[in-house]
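Asker: just to be clear, the model below is a prediction. Sequence and coordinates:
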Number of protein chains: 2
Amino acid sequence: MRVLGIDPGLTRCGLGVVDGDVGKPLTSVGAGVVRTAATAGLGDRLVHIEAEVCRWLDLYHPDAVAVERVFSQHNVKTVMGTAQAAGVAITAAARLGIPVVLHTPSEVKAAVTGSGRADKAQVSAMVTRVLRLAESPSTPDAADALALAMCHIWRGGSQRRLMEAVAAQRGVRR
Amino acid sequence: MRVLGIDPGLTRCGLGVVDGDVGKPLTSVGAGVVRTAATAGLGDRLVHIEAEVCRWLDLYHPDAVAVERVFSQHNVKTVMGTAQAAGVAITAAARLGIPVVLHTPSEVKAAVTGSGRADKAQVSAMVTRVLRLAESPSTPDAADALALAMCHIWRGGSQRRLMEAVAAQRGVRR
């Protein structure tokens, strides 16, 4: 499966595409960052982010989109812009019928590094190693986006196995 | 001028269109609420809100869109959904090149009732009176959306007069 990970943000929005499946090697297909100027109007900034997300969806045709779940508790100053950017990205994918799943930062860190408290350097190092990149992602936002896509593939796999196990168990009971 | 006021929300998103200008009577052109089911997926809910906002923009061709500024301090549980809905609405307008302005709840209350601490009933009563409605708006969300549009017309007018006064003063100095 192919997953587009999105680390939403108004100033920097990370995008990363990963191909793969549980138990098989994962491959990075592309990663980058959409930037908007703080001096631009809010509407123009969101329109630019939307256009770039649409371009990536059109270019890579992901099977699913994984977006970082934003919490209101931290980064009070930037959290509204982050949530607005997330809303625009989620809508762009849902409009095309692509499934969108949110993952918390802790879930992503735990899936990728084994620790929900890993720092940005650890996440970037694991992303680089697992995806066998020649060098680490250009920015933390691109690394986080790739980590989101990796997390989605691995968690999706374990959830699928769980559902299959539950279904099999139900079959036994009948 | 014609203004579309939007009181963003994931469960209920208020929409209200007001025609008028400073010093002239204001007229309500339309008001309503877009609802989405809490049981629906986040993506589907945002897509529905976007479609309805686009339909209103297409139907009423507003000169400007006034959106309530969301703060992260209050309603922590619902604030992320509210910000996401706001982002989608702002983007829908900005995509068409329509100016979008945010007003805080206090600014709207102060503009419409004279008090930044007015309650919902006071806002609804003033909206009903100023717009000479036969009965008060069907929901607080529709009333808030009409109040946002009224606030935008009145504040825009005072800002315009201020700019004109500053320009005139500069002219005198030269």
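Answerer: Perfect, thanks for sending it. Numbering: from 1, shown residues only, chains lettered A, B, ... in the order given.
Asker: tell me how far the ends of stretch A:36-48 are from each other?
Answerer: 7 Å (CA to CA, to the nearest Å).
Asker: mind listing what's buried along stretch A:51-60?
Answerer: A:52, A:53, A:54, A:56, A:57 (16 or more other CB atoms under 10 Å in any protein chain shown). Where you see a C-beta, it was placed from the backbone N, CA and C, and this is true even at glycine.
Asker: tell me which helix or strand the most centrally placed residue in chain A sits in.
Answerer: Chain A has residue A:5 as the residue nearest its centroid, 2.5 Å off, counting by CA atoms, centre = their mean. Using DSSP states H and E, residue A:5 falls within strand A:2-7.
Asker: centre of the chain to that strand, how far?
Answerer: 4 Å (CA atoms, centre = their mean, to the nearest Å).
Asker: what does stretch A:12-28 give?
Answerer: Per CA atoms, centre = their mean, the centroid offset for stretch A:12-28 relative to its chain is 9 Å.
Asker: quick one: buried residues of that stretch?
Answerer: Those would be A:12, A:13, A:14, A:15, A:16, A:17, A:18, A:19, A:20, A:26, A:28, for stretch A:12-28 by 16+ other CB under 10 Å.
Asker: cool, stretch A:140-158 as well?
Answerer: Here stretch A:140-158 shows A:140-157 as buried, counting by 16+ other CB under 10 Å.
Asker: what does stretch A:121-140 give?
Answerer: For stretch A:121-140, using 16+ other CB under 10 Å, the buried residues are A:123, A:124, A:125, A:126, A:127, A:128, A:130, A:131, A:133, A:137, A:139, A:140.
Asker: secondary structure and distance to chain B added to those residues, as JSON lines?
Answerer: Compiled in JSON lines, the buried residues of stretch A:121-140 are given as follows (DSSP: H, G, I helix; E, B strand; the rest coil; distance: CB to the nearest CB, whole Å):
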{"residue": "A:123", "secondary structure": "helix", "distance to chain B": "23"}
{"residue": "A:124", "secondary structure": "helix", "distance to chain B": "26"}
{"residue": "A:125", "secondary structure": "helix", "distance to chain B": "30"}
{"residue": "A:126", "secondary structure": "helix", "distance to chain B": "28"}
{"residue": "A:127", "secondary structure": "helix", "distance to chain B": "26"}
{"residue": "A:128", "secondary structure": "helix", "distance to chain B": "31"}
{"residue": "A:130", "secondary structure": "helix", "distance to chain B": "28"}
{"residue": "A:131", "secondary structure": "coil", "distance to chain B": "27"}
{"residue": "A:133", "secondary structure": "coil", "distance to chain B": "30"}
{"residue": "A:137", "secondary structure": "coil", "distance to chain B": "26"}
{"residue": "A:139", "secondary structure": "coil", "distance to chain B": "22"}
{"residue": "A:140", "secondary structure": "helix", "distance to chain B": "22"}
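Asker: before we move on, back to that, ok, the buried residues of stretch A:12-28 vs residue A:104, which is closest?
Answerer: Residue A:104 has its nearest neighbour among those in residue A:14, at 15.8 Å by CB to CB.
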